[in-house]
Every structure is written in C-alpha cells, then in structure tokens.
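S.K.: Take a look and give me a structure for this.
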Amino acid sequence: AKRIEAHLTALRDAGYRTVRPGDLRAFLEERAPLPDKALMLIFEGGRKEAFIRATPVLQRTGFMAVIAVPTRVMDQWGGFYLKRKDIARIVRLPQWQVGSMGHEAVSPVAGPDEPRRRFLTHRGQLETGALESADAFRGRILADYARSDAILTAAAGQPPQIYLYPFGDAGQSPGDDPLAESVNRDAVTRHFPLAFVGAERAFNGPGSDPWSLTRLRVPGDWTAERLLAELAASRPRRTPQTTLGTPHDWSFERQA
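M.R.: Modelled structure (predicted):
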C-alpha cells in the first residue's frame, strides 16, 4: 500500500493525468485529443487486495484505473480474487472500470511435447493423442473471448472496454501456432475495442493499433523515481537526434 501511494502521488505531482478506456479509444479514432502526460492505470489479475489497497489512493490522487480480470478466478473458493458481486460494486465507483484477461486464457492446455502450453497460442492435445483441428482451435479461442465478455458484461452491467493478453500471447512469438495470430485478432476485435499485448513499453501514440497496444508492467520493487524515469524515457523526443543513440531511443516490435 505504501508503494502504491508513493507511485501514484509521484505521478500526480509530475503532471500525469489518468484517462479511461473510452478516452483512449476516442484518441486513437481521431475523435478527441488526450491531455499531456495522459496515463491509463491497469491492475492485472483480478486480486481483491488490489482493489482494496488502491481505491483510497486513487481517491486521494484523483486518479482512475482499470482492473483486468481473468473471469475464471471469480468463481474460485475464498476471498483472494474478486467475485461477481465485487465487480458490480466496483463499477459504481468513479475510480474504477473493469477489463478482461479472458476466461481460461490464463490457464495452460495439455500438449504432446510439454504439459503446460499457452491457451491462446497452442493447440491442445485430445484424449486420442491427436492435436486439435484448426476448427476446434479456432472455436475454443473464440468461445473464451465471448465467455469472458459475457460474464463481465453481466456482472458490471456494461461491456468491458479493454482486453489484456495473458503473458502477452497474441500469437506473434516464435513457436506459436501459425493460426494463433489471426484467430486471436478475429476474436478480440469482435468483443473488445482495445487490447494490450506488450509489457515493456508505455507509450502508444497517434496511429497505434487499438488491438496491439503496449503497456509498462511495473515491478514491485521500483521506486517512484525509477517509475518516473522509465515513463519519461518512453515519451516522444522533442529535439532532433544526430546519432543512433541507445536501445532506449527506439521502439521494438516483434524483435525488429
């Protein structure tokens, strides 16, 4: 709780202002501008403690956030994860909106070469020993997006606006099934207006693909000063550069 307080207070004092998914969508569709130092906060995983600890800090700083939930955890026993009734309560607060991390998308599927293969990017192994067909793979992926969308819409009374890919699995990595990228792209565009893939770069500028946005995952041991420095490094440069510089001066996509 103290680290969240330090981070969000430093962001506020440095001039950052949080925006909602609808604001980001309007910006990417060239319908409205964003304020300077616009920031979207996302809490991943659907843990109840994130909501409990962060809410008073959001209230004190005047910030808003999205809590991204893998909907399968909402039915687990115990109080570690948010429940459906919690989602209904959260969206009544001006500080919060909810997003999706799929339903079973965070869980592995069985495979022939390794017991834990990624749900969104690998075909599962059937009881016969054969791998899923292309149609079965596509159907499983489409159903997972639809299921998480329906559960969150019913719990919140409004459709979720963002999808956050578990493990950054959008089918763009070496070793992923050849169909994974197109199948996931088809599914996510059917159900969500925005999707976040990467986790190493904070900045998304005009013309960014709404379904392939990047984010910066903040390690728990970062100081507020480190967080501000990382965000500053990702902002567009306002002065010309005469050398190639360092890797920090460039954006990387698919190892290119």
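
S.K.: List of residues touching stretch 14-26?
M.R.: By C-beta atoms under 8 Å, 6 or more residues apart in numbering, the residues outside stretch 14-26 that reach it are 32, 34-41, 63-66, 97, 99, 161-162, 193-194, 204, 210, 228, 231. In short, each C-beta sits where N, CA and C put it, glycine included.

S.K.: Tell me which stretches of the protein form helices.
M.R.: Using DSSP state H, the helices found in the chain span residues 2-13, 21-28, 48-61, 84-90, 134-156, 180-191, 224-234.

S.K.: want to try CSV for those helices, with distance to residue 167 and mean neighbour count as columns?
M.R.: Written out in CSV, the entries for those read as follows (distance: least, C-beta to C-beta, whole Å; neighbours: other C-beta atoms under 10 Å):
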stretch, distance to residue 167, mean neighbour count
helix 2-13, 24, 16
helix 21-28, 21, 18
helix 48-61, 19, 16
helix 84-90, 23, 17
helix 134-156, 14, 18
helix 180-191, 12, 18
helix 224-234, 21, 15
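
S.K.: and those helices as JSON lines, adding mean pLDDT and distance to residue 250?
M.R.: Formatted as JSON lines, these follow (pLDDT from 0 to 100; distance: least, C-beta to C-beta, whole Å):
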{"stretch": "helix 2-13", "mean pLDDT": "95", "distance to residue 250": "25"}
{"stretch": "helix 21-28", "mean pLDDT": "96", "distance to residue 250": "22"}
{"stretch": "helix 48-61", "mean pLDDT": "95", "distance to residue 250": "32"}
{"stretch": "helix 84-90", "mean pLDDT": "93", "distance to residue 250": "38"}
{"stretch": "helix 134-156", "mean pLDDT": "96", "distance to residue 250": "32"}
{"stretch": "helix 180-191", "mean pLDDT": "96", "distance to residue 250": "23"}
{"stretch": "helix 224-234", "mean pLDDT": "93", "distance to residue 250": "11"}
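
S.K.: Nearest to residue 108, out of those?
M.R.: Between residue 108 and those, the shortest separation by C-beta to C-beta is 13.2 Å, and it involves helix 134-156.

S.K.: So for the closest one, could I get the coordinates as PDB, restricted to C-alpha?
M.R.: Output in PDB follows, covering the C-alpha atoms of helix 134-156 (Å, rounded to 0.1, in the frame of the first residue of the first chain):
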ATOM      1  CA  ALA A 134      -7.900 -25.900 -36.900                       C
ATOM      2  CA  ASP A 135     -11.700 -25.600 -36.500                       C
ATOM      3  CA  ALA A 136     -11.500 -26.800 -32.900                       C
ATOM      4  CA  PHE A 137      -8.700 -24.500 -32.000                       C
ATOM      5  CA  ARG A 138     -10.500 -21.500 -33.500                       C
ATOM      6  CA  GLY A 139     -13.700 -22.400 -31.800                       C
ATOM      7  CA  ARG A 140     -12.000 -22.700 -28.400                       C
ATOM      8  CA  ILE A 141     -10.400 -19.300 -28.700                       C
ATOM      9  CA  LEU A 142     -13.500 -17.600 -29.900                       C
ATOM     10  CA  ALA A 143     -15.600 -19.100 -27.100                       C
ATOM     11  CA  ASP A 144     -13.100 -18.000 -24.500                       C
ATOM     12  CA  TYR A 145     -13.300 -14.300 -25.600                       C
ATOM     13  CA  ALA A 146     -17.000 -14.400 -25.800                       C
ATOM     14  CA  ARG A 147     -17.400 -16.100 -22.400                       C
ATOM     15  CA  SER A 148     -15.300 -13.500 -20.600                       C
ATOM     16  CA  ASP A 149     -17.100 -10.700 -22.300                       C
ATOM     17  CA  ALA A 150     -20.500 -12.100 -21.400                       C
ATOM     18  CA  ILE A 151     -19.500 -12.700 -17.700                       C
ATOM     19  CA  LEU A 152     -18.100  -9.200 -17.200                       C
ATOM     20  CA  THR A 153     -21.000  -7.500 -19.000                       C
ATOM     21  CA  ALA A 154     -23.500  -9.300 -16.800                       C
ATOM     22  CA  ALA A 155     -21.600  -8.500 -13.600                       C
ATOM     23  CA  ALA A 156     -20.800  -4.900 -14.400                       C
END
